[in-house]
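>>> here's a sequence, model it:
(one chain, ligands or ions: 1)
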Amino acid sequence: MNKERVLTGITTTGTPHLGNYVGAIRPAIAASQDDNVESFFFLADYHALIKCQDPKMVQQSTKEIAATWLALGLDTDKATFYRQSDVPEITELSWMLTCLTSKGLMNRAHAYKAAAQDNEQNGEDPDKGVMMGLFSYPVLMAADILMFNGTQIPVGKDQIQHVEMARDIAQKFNHIYKKQLFSMPQAVVSDDIAILSGLDGRKMSKSYNNTIPLFSTEKKLQKSINKIVTNVLEPGEPKATEDSTLFEIWKAFANPEQIDMMRQQYADGIGWGQAKKELFALINEEMKAPRERYEELMADGDFIEQELQKGAQKARAYARPLLDQVRQAVGITAIKS
Ligand code: TRP
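Next up, the predicted model:
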């Protein structure tokens with residue numbers, strides 16, 4: 001039986017926050033420990049260029065995200081952990097896929113559509129400020145996936161459409177060239193994986209500026225947690241766990257007994273200050289050792305680089321033979337007499 005091949009990419013802009021950890025990194029690392037799956041996790045640095053033209057930021061974010069996954073215990077002998085730009089086969093494939101992807105399909109991609117609609121609302125040309133990178137990014141994403149024949153693609157809801165486009169593109173290639181080179185990827189959006197609430201109660205997201213950083217100092221973590229919105233109820237007054245951001249975050253880190261215990265404390269009228277103290281202790285307990293490891297890694301860039309080079313080698317061992325078949329299929333071959 002072929003093993004399930006799980007593949008996902010992380011765009012290297014920004015610093016990972018608790019929402020990324022709970023919603024993506026923690027479940028991905030846990031799943032990669034299963035012997036029945038092969039995991040491919042990569043730093044999507046070419047995707048970063050679509051939204052970020054600050055070289056220092058791209059570089060720093062790549063380092064931070066790599067250090068984060070390593071600090072959280074990703075086993076790089078088991079999973080294949082690499083940087084997109086270290087696997088030139090991906091970008092080569094991306095061009096070949098571009099040549100058979102209809103423009104109409106890309107017109108429907110939601111990131112482009114949102115940009116065009118914004119422009120129209122402002123009375124501008126719909127394509128104002130829209131770069132080809134943004135427009136065709138689902139093709140690069142399809143290449144990321146198809147280059148490794150990824151079958152299970154864990155993504156956020158906003159990315160489902162792109163995985164479906166990758167299927168369309170794979171099908172089209174297989175059909176035109178009459179070769180089943182690519183398998184059909186499937187988006188995996190897990191319902192039981194929490195979407196963590198942010199400081200203001202909306203989904204924790206960089207774009208809402210409501211995040212709790214993953215590996216800042218204990219002091220900063222405590223400060224962030226103190227900013228979680230609560231209501232005006234005083235200590236001693238019973239509190240509802242529904243719609244409580246603090247309780248939502250508690251649930252993402254607590255075991256079932258701890259969840260029950262906090263529920264009881266809410267009913268008994270725990271003060272918000274006390275609840276925040278307990279939440280800090282809980283998160284800090286889980287983060288303490290990884291935070292130390294993260295600091296060590298951030299001070300040892302050579303080690304991170306070595307890990308990524310090891311990953312690139314493993315990734316290219318899959319990508320190269322498949323790309324050779326793709327080249328053959330499309331007619332890009334050595335000239336024979
Ligand atoms: N576009 C994805 C995001 O913004 C990141 C990504 C790039 C990705 N390539 C991928 C995810 C391939 C899954 C598979 O979240």
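>>> what about the stretch 101-250 of the chain, any weak spots by pLDDT?
In the predicted model, the stretch 101-250 of the chain carries pLDDT under 70 at residues 191-194.
>>> and it, which residues reach the ligand?
Within the stretch 101-250 of the chain, the positions lying close to the ligand (CB under 6 Å from any ligand atom) are 141, 144-145, 153, 155, 159. All C-beta spots, glycine's among them, are computed from the backbone N, C-alpha and C.
>>> and the residues you listed as a markdown table, adding neighbour count and secondary structure?
Formatted as a markdown table, these follow (neighbours: other CB atoms under 10 Å; DSSP: H, G, I helix; E, B strand; the rest coil):
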| residue | neighbour count | secondary structure |
| --- | --- | --- |
| 141 | 23 | helix |
| 144 | 28 | helix |
| 145 | 29 | helix |
| 153 | 24 | strand |
| 155 | 17 | coil |
| 159 | 18 | helix |
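>>> which residues does whichever residue of the chain sits closest to the ligand contact?
Residue nearest to the ligand within the chain: residue 9 (3.1 Å; CB to the nearest ligand atom). Counting by CB atoms under 8 Å, 6 or more residues apart in numbering, residue 9 touches 41-44, 47, 84, 141, 144.
>>> now the helices for the stretch 1-150 of the chain?
Counting by DSSP state H, counting those that start in this stretch, the stretch 1-150 of the chain has helices at residues 18-20, 26-31, 45-51, 55-71, 88-98, 103-107, 110-121, 132-135, 137-146.
>>> give me whichever of these is most buried.
helix 137-146 (a mean of 26; mean count of other CB atoms under 10 Å).
>>> could you tell me the angle between that one and helix 110-121?
170 degrees (axes from the mean of the first three to the mean of the last three CA atoms, to 10 degrees).
>>> so which residues make contact with stretch 110-128?
Residues outside stretch 110-128 that contact it (CB under 8 Å, 6+ apart): 106-107, 129-130, 134-135, 137, 158, 161.
>>> CA-only coordinates of it in CSV, if you can.
C-alpha atoms of stretch 110-128 as CSV (Å, rounded to 0.1, in the frame of the first residue of the first chain):
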residue,chain,number,x,y,z
HIS,A,110,-10.1,34.6,-4.6
ALA,A,111,-7.0,36.6,-3.8
TYR,A,112,-7.0,38.1,-7.3
LYS,A,113,-10.8,38.5,-7.3
ALA,A,114,-10.7,40.4,-4.0
ALA,A,115,-8.0,42.8,-5.3
ALA,A,116,-9.9,43.4,-8.5
GLN,A,117,-13.1,44.1,-6.6
ASP,A,118,-11.4,46.5,-4.3
ASN,A,119,-10.1,48.4,-7.3
GLU,A,120,-13.5,48.5,-8.9
GLN,A,121,-15.1,49.8,-5.8
ASN,A,122,-12.6,52.6,-5.8
GLY,A,123,-13.3,53.4,-9.4
GLU,A,124,-9.9,52.2,-10.5
ASP,A,125,-8.8,49.8,-13.2
PRO,A,126,-9.5,46.3,-11.8
ASP,A,127,-5.9,45.3,-12.4
LYS,A,128,-4.3,48.3,-10.8
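>>> save the residues of the stretch 101-250 of the chain next to the ligand as a markdown table, and put in distance to residue 97 too.
Shown next, in a markdown table, are these (distance: CB to CB, whole Å):
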| residue | distance to residue 97 |
| --- | --- |
| 141 | 10 |
| 144 | 11 |
| 145 | 10 |
| 153 | 16 |
| 155 | 18 |
| 159 | 17 |
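>>> ok, the residues you listed vs residue 257, which is closest?
The closest of these to residue 257 turns out to be residue 155 (CB to CB; 32.2 Å).
>>> ok, back up a step: ok, which of the helices of the stretch 1-150 of the chain comes nearest residue 306?
helix 55-71 (10.8 Å).
>>> how about the longest helix that the chain contains against the ligand, any contact?
Longest among the helix segments of the chain by residue count, using DSSP state H, is helix 301-330. No: taking CB under 6 Å from any ligand atom as the criterion, helix 301-330 and the ligand are apart, separated by no less than 12.9 Å.
>>> perfect, that will be all.
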